[in-house]
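# Turn this into a model:
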Amino acid sequence: MTILITDSVDQQGLAVFNAAGFRTEYRPGVPHSEILQLVREAEALIVRSQTQVSADVLEAGKNLKVVGRAGAGVDNIDVDAATRRGIIVMNTPGGNTISTAEHTISMMLALARNIPQAHQSVRSGKWERSAFVGTEVHGKTLGVIGLGKVGAEVSRRAASLGMKVLAFDPAQSAEVAARVNAQLVGFRDLLRESDFITVHTPLIPETKGLIGKESLSFSKRGVRVINCARGGIVDEEALLRALEEGSVAGAALDVFEHEPPVNSKLVQHPRVVVTPHLGASTEEAQEKVAIQIAHQVVDALLGRGMAGSVNADAISAAMKVEVRPFLLLAEKLGRLLAQLKTGTLKSLTVSVGGEFLRDSLPALSAAVLKGAFERVLFEPVNYLNAPLIARERGIGVHLLQEGGHDIYGQLLSVQYQTNTETRRFSGTVFGEKDLRIVGIDGFRFEIKPYGHLLLYYNVDRPGMLASVSAILAKATINIGGLSLGRFEAGAKALTIISIDSPAPSDVVGQIALIDGVSDVKMIEL
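As a prediction, the model looks like this:
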């Protein structure tokens, strides 16, 4: 298999691919037009922040299975488009944590003491001590927006410098913040009280322009802003205006909305410190992320694991040997759904009974959807894109953990609703891999979900099975197994017959004409 690498990565990563027997196409800096050609032969694409993995790149990669980002962010990768095509997206969120945290502290100190400006002044032959009077960080308040891995390391280091650290992160608890010497506060409280503000969030719609005109208007006058996370989190035009007005005392920027930056006024501003996206640019970090992403991609391509995936939880679960029989069962229940349902599918509830399957619910629902879609869609369907297809079609998918079952230790159930009906199927696995369907619409029975199944409802009275058997025998269709479900003698029953070859439509029609027989369906599992 071929690994295409279009950004500079440490050679240690290439060594991992070569040792695993992969062919590497190392083409850092290659233009977009050439990437569209090269990616056609690649099973994996490795990038850093420079390459834009857009929808057209993913479309061109007909054999592409994995896109690996040697770094934390994936904002240069169209994750939705990758998911839609069943391509796994991976990153290495921990590989450059220390490097980025140290760069953030370095930028803060450089900003506080005017180090770059003083450096340039001395180099030009001047000695302007009074022009570069700085400020101490000791005793000041640092506002950390985003208390993930990098934010937490910045908080620890800032506290050791004698700073008070405030943090805003809706996903973190006060206890977690306290462990890294930070106090969790609201967003506006952080803005009002901080002397320095540093951002450590991903670039998503909710964080784009987070530090902008409105937030800067609430900030303490004379605040200093640091961004070593992602360009676009800080609104560059709003920041420039605040600098010119004097409400912001300075800024330190390692990342920009466009890289290289196009806002020359901001870059050239005398109270702005800039670096060319160096947060992760240490020898140690580059080596770590290159090795880490290489191992992750190799494991994914060889089916050994899915560490670092940002869109493939279901596939990760599918790799667990003990879960695989239930995933196969889930697919078969999905196929059963697709062949029995009438009307347009509106919602689906996947439920499990028993603790063993609780953590695998998302994967099981993806497997049900795969089984339901793959017979009716022309496009490829897999565990990765099946949930996305469901969302695009307006199908509500619900996951439910139920209590233990009175008969089966582990029970997987699927209930669906269309515009005309609601039905429920259930199944289980005996031993390690003996799959059984054990319930349809409340009828209990046991049938192996393989091959050709003839399913019909009938009045429970003598001679019904004999009539059906006679028609099958006349058509030289052999019966391999049979299961009958009923609530009570003489009432409506559900019969499922396993047959060695599919029953033609005329045979199905003959069975449907038997008095007392209804809803005859030929099922392929």
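# Does the closest residue to Val368 other than its chain neighbours lie in a helix or a strand, and which?
Spatially, and ignoring its direct neighbours in sequence, Val368 is nearest to Gly334 (4.1 Å; CB to CB, 6 or more residues apart in numbering). For the C-beta atoms, the positions are set from N, CA and C on the backbone; glycine is no exception. Counting by DSSP states H and E, the element that carries Gly334 is helix 324-340.
# Give me the mean pLDDT for the helix or strand just after that helix.
As assigned by DSSP H and E, the chain's next helix or strand after helix 324-340 is strand 345-353. Averaged over strand 345-353, pLDDT sits at 92.
# ok, now stretch 277-284?
Per-residue scores along stretch 277-284 average to 90.
# got the buried residues for that stretch?
Within stretch 277-284, the residues scored as buried using 16 or more other CB atoms under 10 Å are His277, Gly279, Ala280, Thr282.
# still on that earlier bit, residues touching the helix holding Gly334, excluding its own?
Contacts to helix 324-340, defined as CB atoms under 8 Å, 6 or more residues apart in numbering, come from residues 317-318, 345, 348, 350, 357, 360, 363-365, 367-376, 410, 412, 414, 416, 423, 425, 427-429, 432-433, 435, 437, 449, 455, 521, 523-525.
# Take it, keep the C-alpha atoms, and write them as PDB.
Extracted C-alpha coordinates of helix 324-340, given in PDB (Å, rounded to 0.1, in the frame of the first residue of the first chain):
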ATOM      1  CA  ARG A 324     -17.800  -8.600  16.300                       C
ATOM      2  CA  PRO A 325     -20.500 -11.300  16.500                       C
ATOM      3  CA  PHE A 326     -23.000  -8.700  17.800                       C
ATOM      4  CA  LEU A 327     -22.000  -6.300  15.000                       C
ATOM      5  CA  LEU A 328     -22.700  -9.000  12.400                       C
ATOM      6  CA  LEU A 329     -26.100  -9.700  14.200                       C
ATOM      7  CA  ALA A 330     -26.800  -5.900  14.100                       C
ATOM      8  CA  GLU A 331     -26.200  -5.800  10.300                       C
ATOM      9  CA  LYS A 332     -28.500  -8.800   9.800                       C
ATOM     10  CA  LEU A 333     -31.300  -7.100  11.900                       C
ATOM     11  CA  GLY A 334     -30.800  -4.000   9.700                       C
ATOM     12  CA  ARG A 335     -31.200  -6.200   6.500                       C
ATOM     13  CA  LEU A 336     -34.300  -7.700   8.000                       C
ATOM     14  CA  LEU A 337     -35.700  -4.200   8.600                       C
ATOM     15  CA  ALA A 338     -35.000  -3.200   5.000                       C
ATOM     16  CA  GLN A 339     -36.800  -6.100   3.600                       C
ATOM     17  CA  LEU A 340     -39.800  -6.200   5.900                       C
END
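# if I look at Gly146, how far off is Arg48?
In this view, Gly146 and Arg48 are 21 Å apart by CB to CB, to the nearest Å.
# so where's the longest helix in the chain?
helix 283-301 (DSSP state H).
# ok, back up a step: ok, of the buried residues of stretch 277-284, which one's closest to Lys140?
The closest of the buried residues of stretch 277-284 to Lys140 turns out to be Gly279 (CB to CB; 22.0 Å).
# what's around the residue nearest to the closest one when sequence neighbours are not counted, how many residues?
Take Gly279 and drop its neighbours on the chain: the residue closest to it by CB to CB, 6+ apart is Thr100, 4.0 Å away. Using other CB atoms under 10 Å, Thr100 has 26 neighbouring residues.
# any idea how far Thr100 is from Leu453?
Distance from Thr100 to Leu453, by CB to CB: 57 Å.
# and what of Asn63?
36 Å.
# Tell me which of those two has more neighbours.
Between Asn63 and Leu453, Leu453 has the larger neighbour count (other CB under 10 Å), namely 25 against 12.
# now the helix or strand that contains that one and helix 324-340, what's the angle there?
If you go by DSSP H and E, Leu453 is part of strand 452-459. Interaxial angle, strand 452-459 versus helix 324-340 (axes from the mean of the first three to the mean of the last three CA atoms, to 10 degrees): 60 degrees.
# what's downstream of strand 452-459, the next helix or strand?
Downstream of strand 452-459, the first helix or strand assigned by DSSP H and E is helix 464-474.
# about what we covered before: mind checking the pLDDT average for the helix holding Gly334?
92.
# what residue lies at the spatial centre of the protein?
Taking CA atoms, centre = their mean, the centroid of the chain lies closest to Asn311, which sits 2.2 Å from it.
# Specify the local secondary structure of it.
coil (DSSP: H, G, I helix; E, B strand; the rest coil).
# Any stretches of the stretch 201-350 of the chain with poor pLDDT?
Residues of the stretch 201-350 of the chain meeting the criterion pLDDT under 70: 313-319.
# Not counting stretch 71-81 itself, show me its contacts.
47-55, 58-59, 67, 69, 89, 91-93, 95-97, 100, 149-150, 202-203, 230, 280, 289, 310-311, 388.
# redo that, cut-off 6 Å
For stretch 71-81, contacts defined as CB atoms under 6 Å, 6 or more residues apart in numbering pick out 48-49, 52-55, 58, 67, 89, 91, 93, 203, 230, 280, 289, 310-311.
# cool, stretch 261-268 as well?
By CB under 6 Å, 6+ apart, the list of residues contacting stretch 261-268 from outside reads Glu236, Leu240, Val274.
# For it, buried residues please.
Buried residues in stretch 261-268 (16+ other CB under 10 Å): Pro261, Asn263, Leu266.
# Return the distance of the longest helix of the chain from the chain's centre.
On the basis of CA atoms, centre = their mean, to the nearest Å, helix 283-301 sits 19 Å off its chain's mean C-alpha point.
# Contact partners for Arg48?
Applying CB under 6 Å, 6+ apart to Arg48 gives the contacts Asp7, Ala70, Gly71.
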